[in-house]
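> compute the structure for the input listed below.
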Amino acid sequence: MKSLPYFMLTIFFVSAGVHLFASLKQNKPLRNRTKPFILLGLLGFYCCAAKPVVLFVVLALAFSWLGDLLLIPKGTKWFTAGGIAFMVSHVFFILSYLRQTDLAAVSPAVIAGLIVLFTAAALVFFKYLRPHLPQALFYPMMGYLILNGLMNCFAWFRYLTLHNAAGLVTAVGALLFFLSDSSLFLVRFHKNSPLKTHFWVMLTYSLGEFLIVTGLIMQQGGPI
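Here you go, the predicted model:
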């Protein structure tokens, strides 16, 4: 069915929109009910629109969805489990980018520069956040954000290989994912943070995941 990808995309946008409204209003029950459908809609859209469907992308989205579910309950154990799921998701995103990346075509200086840039950004952010974090979570969370930064690096390496809109769209989506995780840490742990709700966390996350998937489908010439 040609309309099926757009049906799944509608599920994504409607659930994301309602979830963002609930986040803005701090309506936790509505947030919890709508959160699982955001990535399910996006995963369904990818599976219907991508030709071929790449297993690495399916697994990346599936582990992101699992991470969403695991972050719903409160507690350090749930937060850690959700973080692990998202770490696996980042690894699969990296593997999906590598399929369309020629590292030999990217300057070694650019490769090193991007890795240093995102790693430094994570280190500076966690130096600022350290007084507000439980000691046991500091290094695992910092390692997680560095891995997110590495996922970003490979998204930009893909863009520098392709030099087209598809590469740029995915790279921008990856950057929004990095901003989303940073915002989440502020909301969860920084009591005096200007971010008081999950609205910006979920806006950058939902849009970031959507742009990542969109760029991957665009490269295949799929319907967007």
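> name the helices or strands packed onto the longest helix belonging to the chain?
Longest helix in the chain by number of residues, with DSSP state H as the criterion: helix 135-162. The contact analysis (3 or more C-beta pairs under 8 Å, 6 or more residues apart in numbering; DSSP states H and E) places helix 135-162 against helix 76-98, helix 108-129, helix 165-189. Glycine gets a C-beta too; all of them are placed from N, C-alpha and C.
> in a markdown table: these, plus mean pLDDT and distance to residue 135.
Converted to a markdown table, the helices and strands packed on helix 135-162 look like this (pLDDT from 0 to 100; distance: least, C-beta to C-beta, whole Å):
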| stretch | mean pLDDT | distance to residue 135 |
| --- | --- | --- |
| helix 76-98 | 96 | 12 |
| helix 108-129 | 96 | 12 |
| helix 165-189 | 95 | 12 |
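> quick check, central residue of this protein?
Nearest to the mean C-alpha position of the chain, counting by C-alpha atoms, centre = their mean, stands residue 177 at 3.8 Å.
> what sits against that one?
148, 151, 152, 204, 205, 208, 209, 212 (C-beta atoms under 8 Å, 6 or more residues apart in numbering).
> mean neighbour count, the helices and strands packed on helix 135-162: which tops it?
Greatest average neighbour count among these goes to helix 165-189 (a mean of 21), per mean count of other C-beta atoms under 10 Å.
> not counting its neighbours along the chain, what's nearest residue 210?
residue 42 (6.3 Å; C-beta to C-beta, 6 or more residues apart in numbering).
> the one you found and residue 61 touch, don't they?
Yes. Using C-beta atoms under 8 Å, residue 42 is in contact with residue 61, at 6.3 Å.
> other SSEs contacting whatever helix or strand the residue nearest to residue 210 lives in?
Per DSSP states H and E, residue 42 falls inside helix 28-49. Judged by 3+ C-beta pairs under 8 Å, 6+ apart, helix 28-49 is in contact with helix 4-24, helix 55-70, helix 199-219.
> tell me which residues of it come out buried.
For helix 28-49, burial by neighbour count (16 or more other C-beta atoms under 10 Å) applies to 31, 34-46, 48-49.
> average model confidence for stretch 43-58?
In this model, stretch 43-58 has a mean pLDDT of 96.
> and residue 192, helix, strand or coil?
coil (DSSP: H, G, I helix; E, B strand; the rest coil).
> tell me, how many residues neighbour it?
6 (other C-beta atoms under 10 Å).
> who's in contact with the helix holding residue 42?
Residues contacting helix 28-49 (C-beta under 8 Å, 6+ apart): 4-5, 8-16, 18-19, 21-23, 53, 57-58, 61-62, 64-65, 68-69, 72, 198, 202, 206, 209-210, 213, 216-217, 222-224.
> selecting buried members of those residues in ChimeraX, what would you type?
Only the buried entries of those go into this ChimeraX selection, using 16+ other C-beta under 10 Å:
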select :5,8,9,11,12,15,16,18,19,22,23,57,58,61,62,64,65,68,69,198,202,206,209,210,213,216,217,222
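> with adjacent residues omitted, what lies nearest to residue 199?
Leaving aside its sequence neighbours, residue 199 sits nearest to residue 23 (C-beta to C-beta, 6+ apart; 4.3 Å).
> next: residue 13.
Nearest residue to residue 13, sequence neighbours excluded (C-beta to C-beta, 6+ apart): residue 41, at 7.6 Å.
> before I go, just wanted to say thanks for your time.
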